[in-house]
Structure formats: C-alpha cells, structure tokens
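# Requesting a structural model of the entry that follows:
(one chain, ligands or ions: 1)
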Amino acid sequence: METSYRFSFRLFPISLPERCLKPSSPAPNFRKLIYRATCSSYNIPKFIPAPKTYSFSSTSIARAGWFLGLGEQKKLSLPTIVKAGDPVLHEPAREVDPKEIGSEKIQKIIDDMVLAMRKAPGVGLAAPQIGIPLRIIVLEDTKEYISYAPKEEIKAQDRRPFDLLVIINPKLKSKSNKTALFFEGCLSVDGFRAVVERYLDVEVTGLDRDGSPIKVDASGWQARILQHECDHLDGTLYVDKMVPRTFRAAENLTLPLAEGCPKLGAR
Ligand SMILES: [Zn+2]
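Alright, predicted model coming up:
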C-alpha cells in the first residue's frame with residue numbers, strides 16, 4: 001500500500017521504480033525460461049508458479065531472473081513491483097511452510113520486500129507484489145511519512161506510526177463492525193486512488209520472520225493497511241472492493257466526490 005504525502009487523502013506520487021522500469025523490449029516466453037532453468041539444474045524454488053502460455057514483459061523477466069537466481073539478473077538489488085494485470089496479483093498465494101521460514105531464500109524474500117517497500121516508498125507490501133506467490137506481508141508507517149499529511153487527515157484516519165512488521169501466513173479477523181471509508185492507493189495500481197470501506201479494528205495472527213507466533217491488534221490506518229495487504233494474499237486488489245465511482249487519477253484526488261458517492265470517514 002502506498003504512503004500519504006501532501007494532499008488530503010493522497011497516498012503517494014508516481015514512484016521512481018515505476019518510471020525507471022517500464023518494459024522496453026519484447027521478452028522470451030517465461031515457459032522457455034523455466035524449462036532452461038530446469039534443464040540446467042538451477043535451484044528452483046518449490047513455489048515457482050506453473051508455467052503459463054502467454055509471454056511476459058521484460059519487467060516480468062527481470063523479476064523472473066531475480067526469482068530464479070539467474071546469473072546476470074542477480075545484479076539487480078531490488079525486485080520490480082508487479083503491476084495490476086499480472087496473474088500473480090489476482091490469484092491466491094500459498095502458505096509458507098514454517099520449516100522454510102529460517103531458510104536463506106525466505107529471509108531474502110523478506111529483506112527484498114522491506115527494501116522494495118521503503119524504496120517505493122510505501123507503508124505496506126505483499127509478496128505477490130514482487131512476483132512471489134507466498135503469504136508474506138510487510139508494513140511500516142513512520143513519523144516522517146505521516147508528517148507530510150495534513151493534521152486533520154491524520155486525525156480522521158486515526159493514523160499513528162508503527163515499527164516494521166513482518167507477518168507470515170497472516171490470518172485477519174475484524175474485531176468490531178465499525179468501518180470507515182477513505183481513499184487508498186496501491187504500488188501495483190500506481191497513479192490511481194479510490195475509496196474503500198475497511199474495518200476499523202482488526203486482529204491479525206501469524207508468524208514473524210523468526211517463525212515465532214505473533215498477534216497484532218490494530219485500529220485505524222494500521223488496520224486498513226493490514227486489510228489491504230492481506231487482501232493481496234487472496235488475489236484481491238483494492239479496485240476489487242472500491243466504491244466504483246470514486247476511482248480517479250492521483251492528480252484528481254482533491255476534486256470533490258461525484259454526487260451519490262458515500263461520504264469519507266467513519267460510519
Ligand atoms: Zn497494494
């Protein structure tokens with residue numbers, strides 16, 4: 001999920017990675033890549049997605065290189081953030097085997113997710129957003145990010161800073177029926193925003209990056225981030241849940257809502 005900056009309910013300008021990593025040339029078929037990798041006995045992770053029959057963009061190939069640990073692509077220090085339309089964002093992710101958590105592979109995925117989230121910058125990221133179909137989320141909100149938002153907005157959203165959270169196999173449940181409507185954005189749907197109704201109080205249980213059980217009681221904006229990121233793990237983007245006529249380009253964020261749209265704020 002994207003962070004907030006200058007404008008009321010604005011959740012972030014177009015990120016630098018998006019500007020720099022646009023696909024520029026046709027890429028070979030992903031099926032061939034997988035096949036080659038298999039034949040040359042690369043260490044392929046168990047969670048590799050089933051080969052599909054369509055071609056991937058060069059962005060996806062770059063990601064696949066990172067994903068597969070292919071020689072030249074190892075130089076990439078940061079995975080690309082996957083954009084809406086890639087099936088990995090629209091299909092459920094699989095649980096991480098607790099026995100795998102301590103592995104170098106899973107620890108690197110987590111490190112990469114944190115780096116990618118901070119670089120974007122965003123306040124949350126789910127593993128499918130870097131092309132990994134695993135149930136892992138990271139989230140963090142800082143004083144600095146929050147300082148860019150107007151005070152009245154921070155108050156309305158009940159937004160407070162919290163330290164980095166890494167949650168593996170999260171299970172989310174609402175703790176009350178209270179909800180709120182606010183604009184939100186997503187690093188995978190960059191440049192757009194829409195109003196989404198979310199629960200105000202949630203509880204999330206799961207495992208931390210050491211494999212120890214954790215429980216997070218969250219309210220307000222943190223609860224929204226958790227719901228947004230957990231949705232990613234079920235293949236759901238915010239656009240699947242938005243109030244449709246509120247969908248807009250980020251530069252139109254401060255324009256009034258269309259007639260008939262529900263008011264922003266708690267219900
Ligand atoms: Zn998102």
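# Now do the same contact list for whatever residue of the stretch 1-150 of the chain ends up closest to the ion.
Nearest residue of the stretch 1-150 of the chain to the ion: residue 1, at 4.9 Å (Cβ to the ion). Just so you know, the C-beta spots here come from the backbone N, C-alpha and C atoms, and that holds for glycine as well. Residues near residue 1 by Cβ atoms under 8 Å, 6 or more residues apart in numbering: 11, 122-125, 139, 184-187, 224-225, 228-229.
# how near is it to residue 261?
Relative to residue 261, residue 1 is positioned 21 Å away (Cβ to Cβ, to the nearest Å).
# do residue 234 as well
Distance of residue 234 to residue 261, computed by Cβ to Cβ: 26 Å.
# Of the contacts of residue 1, keep whichever come out buried.
Among the contacts of residue 1, the ones that count as buried by 16 or more other Cβ atoms under 10 Å are 11, 122-125, 139, 184-187, 224-225, 228-229.
# Output the residues you listed in TSV; the columns should cover distance to the ion and secondary structure.
Below are the buried ones among the contacts of residue 1 laid out as TSV (distance: Cβ to the ion, whole Å; DSSP: H, G, I helix; E, B strand; the rest coil):
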residue	distance to the ion	secondary structure
11	10	coil
122	8	strand
123	10	coil
124	7	strand
125	7	strand
139	11	strand
184	8	strand
185	8	coil
186	3	coil
187	6	helix
224	11	helix
225	9	helix
228	6	helix
229	7	helix
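# okay, those in a markdown table with pLDDT next?
Below are these laid out as a markdown table (pLDDT from 0 to 100):
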| residue | pLDDT |
| --- | --- |
| 11 | 38 |
| 122 | 97 |
| 123 | 98 |
| 124 | 98 |
| 125 | 98 |
| 139 | 98 |
| 184 | 97 |
| 185 | 97 |
| 186 | 98 |
| 187 | 98 |
| 224 | 98 |
| 225 | 98 |
| 228 | 98 |
| 229 | 98 |
